[in-house]
Structures are given as C-alpha cells and as structure tokens.
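Undergrad: Fold the following.
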Amino acid sequence: MSHRLFRSFFPRYFHNKTRLPELDFTKPTSDRLKKLSLNEQSSYSNDNQSLLKVSLRGQCLFGLHPIELALKKQRRQFYQLFLSNTSNENRPMIENIRHLAEQLSIPIQYTNTNILDRLSFDRPHQGVCLDCSSLSIQDIEQTDVKIDSKKILLDLCLVKIHDPMNLGGIIRTAHFFGIDRIILTRGTCQPSPVASKASSGALELMSIYTCNDLKTYLNVLHEEKTTALVCAAHKGNIPLRILRVDDMKNNCSNLQRILVLIGNEHEGIPEEISQLCHYNVSIQPNSESEISSLNASVASALFLYHISAQMNA
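TA: Here you go, the predicted model:
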C-alpha cells in the first residue's frame, strides 16, 4: 500500500528507468528511439508518446554551457532547440541561449521536463536540449598545421580513454591550461554529448583530431625533430616533479611542440608506444600508498599544469 501511495505522489520517479542501461547514448537519439517496438510504444504515457513523435536529425546536446558555447562557436549544424516550459531556474542563461537560437533561425520547441529527461536520458539537462550534428573531427595525419615559431605549443594525445565522463573532464582541463590540440587515438571514446556536458562545454572550443595509427604518427614526429614526446608511464624513469621544459629546449634546438601522451588508468601506454617517446615520466605516489595509479583525468591535470606553468613562466 505504502509503495502505491509513494508512486502516486511521485510519478516522475517511475517512468521506466530500467530501460536506460539498454540504450547507447553515444549514438544519435533518433537511432535509439527507432529501436522501440510498437508494443513498447503503446505502454508509454502521453509524454513519452510525444517524445516518440519528435524527429531528431542528429545528436541531442544537453546542458547550459555546452549548448551556449556550441551556438556561439557554430561548429555544428543546428536543427531544433528544446526549452523547458516550466523551469524558472537559470533564466538569464536560458534567455541568452534562446536569443542566440533566434539569431541563427533555429526552430524552438517548448516542452515539459519529462520529455527533456528522456531526450538527455535522465542526465542533467538544466532545462535545455539541442538537436544538432556531431562535431567534425579531422585526422591529424592528414592535417597541415601552421606553426608559430616564436611560441612552443602544447598538445595532448589520449590513448584508449574509454569513459566519456573522463574524456570530458580531460578536455575541460586541457582548455583551462591552454592546450593547442587534443588527439584521440583508436580505442578512445568519441566526443559525445555526454563528454561535452562533462567538459562544461569546453569540447565546443577545442581543436580535436583523431589518429588511427599512433605509431606511424610518432615516427613522423621523430623525423621532423620539432616535437618533444612526453609519455605518462606507470613505470617511467623520470619523476614528473623534475621534468623541465628547459631540458627539452636544450635537447631539441628547433622545439616547436610538446606532445603529452596519457593512457587509461588500467592499461597505461603500450610499451611499443612508450619506447618512441623522449621522456617516460611517472607521478610518484606516497611511499605508503596502496593505490598504484591515478584517474586519467587527474593525471592529465598534473602533467598539463606542471608543463604549461614552465612554458608560461
């Protein structure tokens, strides 16, 4: 009896959430909705049936900062903006998003929280979702990038980072420390709406590339002799605290870039890749620590701060 009473007073918490783990939120929402059978559709409430009538053309970006920055930078194609018709929170920012959408002639649909919950798969949308294209990402091996010879640039290469939340956190950190390029190797998760939300919208600002053959790419950099390769390694022979950018300059007379490679906390960087790097660097734990590695996002922050602080000194 008590369970039925609770269900009647708080219906929002009982809208078939058990379905969520079966769905892949990295794919466009329209693809996922097509998986619902006709029998399943008939069991949903009117709100859910309304959602099934929404024709989404691309990914469903969600959250205030990702959507505002996406609209400002205009690196995606925009199809439709969904705004909450009930929430009074974050009004100034939502009004700015609405104004940006109107300037770009993006159709706006006002809807209720239940539908926004479904569009974002119960992730924190903050009253706004955006149907848009995915970001266009180039292959780093097919890209000619102009170099400013007066400034050394810092790049970040992510090797098999599987978690989009981790990816988003790393991208946010990279933007904060002024990283020039982020390179995603084969096996790293795609920069999805989940990653954009976790990055607080920094994904919309960064130059992101893919690299399908990391070993070949690193060999090319070796031949060019303008990039210092820094590998974050569990068993690196150089402690991060003593790594010096001045030493890199002395060892490479024409140093133009520093590339930091970060792997996931379980596998790290493959040995065949770490052997190609000039510096195999480790973060030393406390002598009594029973934890052997850091989260990839935390390790990235430590490496990027340590190196960028010396570059900007």
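
Undergrad: quick one, helices of the stretch 1-150 of the chain?
TA: Across the stretch 1-150 of the chain, reading from the start of the chain, the helices by DSSP state H, counting those that start in this stretch fall at 2-9, 29-33, 38-41, 46-53, 64-73, 91-103, 113-119.

Undergrad: same question for the last one, mean pLDDT?
TA: Think helix 113-119. Per-residue pLDDT over helix 113-119 has a mean of 91.

Undergrad: mind listing what's buried in it?
TA: By 16 or more other CB atoms under 10 Å, the buried positions in helix 113-119 come out as 114, 115, 116, 117, 118, 119. The way it works is simple: take the backbone N, C-alpha and C, and place the C-beta from them, glycine included.

Undergrad: again, but for the fifth one
TA: Taking 16+ other CB under 10 Å as the basis for neighbour counts, the residues of helix 64-73 that come out buried are 64, 65, 66, 67, 68, 69, 70, 71.

Undergrad: Would you map the strands across this structure?
TA: Ranges of strands within the chain are 59-62, 78-84, 108-111, 128-132, 138-139, 153-159, 181-185, 207-211, 227-232, 238-239, 257-263, 279-282, based on DSSP state E.

Undergrad: Including mean neighbour count and distance to residue 194, could those strands go into JSON lines?
TA: Conversion of these to JSON lines gives the following (neighbours: other CB atoms under 10 Å; distance: least, CB to CB, whole Å):
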{"stretch": "strand 59-62", "mean neighbour count": "26", "distance to residue 194": "9"}
{"stretch": "strand 78-84", "mean neighbour count": "21", "distance to residue 194": "17"}
{"stretch": "strand 108-111", "mean neighbour count": "14", "distance to residue 194": "21"}
{"stretch": "strand 128-132", "mean neighbour count": "26", "distance to residue 194": "13"}
{"stretch": "strand 138-139", "mean neighbour count": "12", "distance to residue 194": "22"}
{"stretch": "strand 153-159", "mean neighbour count": "24", "distance to residue 194": "16"}
{"stretch": "strand 181-185", "mean neighbour count": "22", "distance to residue 194": "15"}
{"stretch": "strand 207-211", "mean neighbour count": "18", "distance to residue 194": "15"}
{"stretch": "strand 227-232", "mean neighbour count": "25", "distance to residue 194": "24"}
{"stretch": "strand 238-239", "mean neighbour count": "14", "distance to residue 194": "34"}
{"stretch": "strand 257-263", "mean neighbour count": "24", "distance to residue 194": "19"}
{"stretch": "strand 279-282", "mean neighbour count": "20", "distance to residue 194": "30"}
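
Undergrad: okay, those strands in JSON lines with distance to residue 193 next?
TA: JSON lines is the format used below for the strands of the chain (distance: least, CB to CB, whole Å):
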{"stretch": "strand 59-62", "distance to residue 193": "5"}
{"stretch": "strand 78-84", "distance to residue 193": "13"}
{"stretch": "strand 108-111", "distance to residue 193": "17"}
{"stretch": "strand 128-132", "distance to residue 193": "9"}
{"stretch": "strand 138-139", "distance to residue 193": "20"}
{"stretch": "strand 153-159", "distance to residue 193": "18"}
{"stretch": "strand 181-185", "distance to residue 193": "16"}
{"stretch": "strand 207-211", "distance to residue 193": "14"}
{"stretch": "strand 227-232", "distance to residue 193": "27"}
{"stretch": "strand 238-239", "distance to residue 193": "38"}
{"stretch": "strand 257-263", "distance to residue 193": "22"}
{"stretch": "strand 279-282", "distance to residue 193": "33"}
